[in-house]
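>>> quick check, what structure comes out for this input:
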Amino acid sequence: MLERSKAVFSFLFKDKGFRITEDTGIDEKSFGNWLWEAKSPDFKLRCINDRGFVSVDVGSNASQNEWFDLNSVKNLILGGDIMEVSEYEKLATFLKRNYSEVTALFSSQNISETVARLHKLEDERVRQQFPKLFESKDKNP
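Residues are numbered from 1 along each chain as shown. Have a look, this model is predicted:
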């Protein structure tokens, strides 16, 4: 699955100037987990396999440790159900089709607004996923 994930995102390496900055390889002692990160002048991307679930995150080059689920970025651009989670192959297709929009969101001019919008979207996702946690807070602000 590690090599397959890199192949699915190969357009980033071939056409968009991405290069691998970290690659843990497969950790057989930890359920076969792996991680790879890649960076371009536009933004950075990481792909993580944690116990068989593959997630894809995007981040600004200006921030070393802040990452956002590519599903959230997809929702920010296309709208739709914020609870929908796409497989990494579909996320690669989304990224290929919407590369310029993602680049614009993570540009230095837009990153502050993008971060605020993504935090708001992710907060709403948590509220929908765990509504009982927020019932008393919502009733008594």
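>>> what residues sit buried inside stretch 89-99?
Within stretch 89-99, the residues scored as buried using 16 or more other Cβ atoms under 10 Å are 91-92, 94-95, 98-99. Placement of C-beta: from N, CA and C, glycine included.
>>> just how off-centre is it within its chain?
11 Å (Cα atoms, centre = their mean, to the nearest Å).
>>> let me see the residues that make contact with it.
Residues outside stretch 89-99 that contact it (Cβ atoms under 8 Å, 6 or more residues apart in numbering) are 8-9, 11-12, 16, 45, 56, 70-71, 74, 77-78, 86, 102.
>>> which strands or helices does the helix ranked longest in the chain pack on?
Ranked by residue count and defined by DSSP state H, the top helix of the chain is helix 111-129. Identification of packing neighbours for helix 111-129 by 3 or more Cβ pairs under 8 Å, 6 or more residues apart in numbering; DSSP states H and E yields strand 68-69, helix 70-78.
>>> please repeat the previous calculation with a cut-off of 6 Å.
Counting by 3 or more Cβ pairs under 6 Å, 6 or more residues apart in numbering; DSSP states H and E, the packing neighbours recorded for helix 111-129 are helix 70-78.
>>> next, the buried residues of the helix it packs on.
70-76.
>>> switch those residues over to CSV; also include pLDDT.
Output for the buried residues of helix 70-78, formatted as CSV (pLDDT from 0 to 100):
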residue, pLDDT
Leu70, 96
Asn71, 95
Ser72, 95
Val73, 97
Lys74, 96
Asn75, 94
Leu76, 95
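>>> which of these sits closest to Glu113?
Leu76 (10.7 Å; Cβ to Cβ).
>>> need the contact partners of stretch 106-124.
43, 60, 68, 72, 76, 105 (Cβ atoms under 6 Å, 6 or more residues apart in numbering).
>>> give me the number of residues near the first one?
Okay, so that is Phe43. Counted with other Cβ atoms under 10 Å, the neighbours of Phe43 add up to 22.
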